[in-house]
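Engineer: attaching a predicted model along with its sequence, questions to come.
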Amino acid sequence: MEIYSEFMEGDRKATVTRLQRSLDRKFDVWEVALYVQGKPIQRTTCANEPDAEQLAEDFVQGLGPSAPTLLNEHVSNG
């Protein structure tokens, strides 16, 4: 298992890794590991590389519904 790409901003980090599931690469999946202050908070898989990288980028930037938040983070709607 080798890290394919890595995203960092502030105390958030996300890594994207390609996981080989068989000899046929069409069955491979992309694992996205999400970290806050160096601690893993979530691992998820995606079927393709663009989706995995989008999830990772959204997380570190704190964007979109794919960006998990910690329970102690304050969310304000205005």
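Structural biologist: Nice, thanks for sending it over. The model shown is predicted, which means the values in this text are computed figures rather than measured ones. Residues are numbered from 1 along each chain as shown.

Engineer: what comes up buried for stretch 9-25?
Structural biologist: Within stretch 9-25, the residues that qualify as buried by neighbour count (16 or more other CB atoms under 10 Å) are R12, K13, A14, T15, V16, T17, R18. C-betas here are computed from N, CA, C, even on glycine.

Engineer: return the distance of the second one relative to A56.
Structural biologist: Read that as K13. As for K13, its distance to A56 is 9 Å (criterion: CB to CB, to the nearest Å).

Engineer: any shared contact partners between these two?
Structural biologist: F7, L34 (CB atoms under 8 Å, 6 or more residues apart in numbering).

Engineer: mind listing what's buried in stretch 45-54?
Structural biologist: For stretch 45-54, by 16+ other CB under 10 Å, it's C46, A52, E53, Q54.

Engineer: once you drop chain neighbours, what's closest to the second one?
Structural biologist: Leaving aside its chain neighbours, A52 sits nearest to W30 (3.6 Å; criterion: CB to CB, 6 or more residues apart in numbering).

Engineer: hmm, the one you found is touching P50, no?
Structural biologist: No. W30 lies out of contact with P50 (CB atoms under 8 Å); the separation is 9.2 Å.

Engineer: export the buried residues of stretch 45-54 as TSV, with columns for pLDDT.
Structural biologist: TSV is the format used below for the buried residues of stretch 45-54 (pLDDT from 0 to 100):
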residue	pLDDT
C46	93
A52	94
E53	94
Q54	93
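
Engineer: redo these as JSON lines? Include distance to G62.
Structural biologist: Below are the buried residues of stretch 45-54 laid out as JSON lines (distance: CB to CB, whole Å):
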{"residue": "C46", "distance to G62": "19"}
{"residue": "A52", "distance to G62": "18"}
{"residue": "E53", "distance to G62": "16"}
{"residue": "Q54", "distance to G62": "14"}
